[in-house]
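In: How does the following fold in three dimensions:
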Amino acid sequence: MATATSTESQPTIMHRVASMRLGLKIVISGAVVTGAAAAVIATAPSPEDNSLDASRIIPSLSNPQQAADKVPAAVMTMLDPGLKLDPSQTRLLGKVDTVTYYGVAAGDKICMVPVDATGKDNGFIGCTLLKSFESGGLKFENAERTEAAWLIAPAAAAKALGSVKSEAGWSQQAPNFLVRNNK
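Out: All right, here's what the predicted structure looks like:
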């Protein structure tokens, strides 16, 4: 097995390769670096990918569904069957005036289902990709811009609420669910 030595003034090729692979600055002074040492560095475990876990956005998905979490069956039948929504996986997010918002995971997407108590706007659903959810969340707004609902990443709630503080009517109904009601 070949070995490489390094001094502070002249880093070895092994040092440069390890630094580029790991994006780290590694200082080797007066050491002998072997292939085995490089293998130890390369075997560090990568962080777990939970980008497709909808419960990171709607934590209650980790718990059994409650009666209040259920989207009315008549509304579920109006939704796009191509999304393959599991009615047992819907969760209540919050409410604005006459509209109740539910969240649901749909494969690689997370969706919001607004249920209008008057029934006039039922059957609508909005979805976004789970992998890119942190970039902006999922936001609904009525045509009159008097009501809105915004599901955001839990870690971004305070920042999101701060970003709309100049707009009247915003409040936080859940750790990562904001609503606006200007009626």
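In: Could you use CA atoms for every contact and neighbour count after this?
Out: OK.
In: tally of neighbours for Ile152?
Out: By the measure other CA atoms under 10 Å, the count of residues near Ile152 is 22.
In: mind giving me the domain split of the protein?
Out: Listed domain ranges for the chain are 3-42, 54-181 (source: automatic domain parsing).
In: Would you mind finding the most buried of the ones you listed?
Out: Per-stretch averages of neighbours, counted by mean count of other CA atoms under 10 Å, single out domain 54-181 among the domains of the chain, with a mean of 17.
In: measure that one end to end?
Out: The first residue of domain 54-181 is 27 Å away from its last residue (CA to CA, to the nearest Å).
In: Strands along the protein, start to end?
Out: Under the criterion DSSP state E, strands of the chain are mapped to 3-5, 32-34, 91-96, 99-106, 109-116, 126-129, 138-141, 147-151, 170-174, 177-181.
In: Would you confirm that Asp97 contacts Val179?
Out: No: Asp97 is not in contact with Val179 according to CA atoms under 8 Å; the separation is 10.1 Å.
In: joint contacts of those two?
Out: Residues touching both Asp97 and Val179 (CA atoms under 8 Å, 6 or more residues apart in numbering): there are none.
In: least trustworthy helix or strand in the protein by mean pLDDT?
Out: The helix or strand of the chain with the lowest confidence, counting by mean pLDDT, DSSP states H and E, is helix 13-22 at a mean of 38.
In: can you put the strands of the chain in TSV and add distance to Pro72 and mean pLDDT?
Out: Formatted as TSV, those follow (distance: least, CA to CA, whole Å; pLDDT from 0 to 100):
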stretch	distance to Pro72	mean pLDDT
strand 3-5	69	41
strand 32-34	65	43
strand 91-96	11	94
strand 99-106	10	93
strand 109-116	8	94
strand 126-129	17	92
strand 138-141	20	90
strand 147-151	19	92
strand 170-174	21	88
strand 177-181	21	91
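In: and the most centrally placed residue in the chain, what is it in contact with?
Out: For the chain, the residue nearest the mean C-alpha position is Phe133 (4.2 Å; CA atoms, centre = their mean). Phe133 makes contact with Ile152, Ala153, according to CA under 8 Å, 6+ apart.
In: Apply 10 Å and report the result again.
Out: By CA atoms under 10 Å, 6 or more residues apart in numbering, the residues touching Phe133 are Ser51, Leu52, Ala54, Ile57, Lys109, Ile110, Cys127, Leu151, Ile152, Ala153.
In: What of Ala68?
Out: Thr90, Arg91, Leu92, Leu93, Tyr102.
In: rerun that using 6 Å as the cut-off
Out: Shown in contact with Ala68 (CA atoms under 6 Å, 6 or more residues apart in numbering): no residues.
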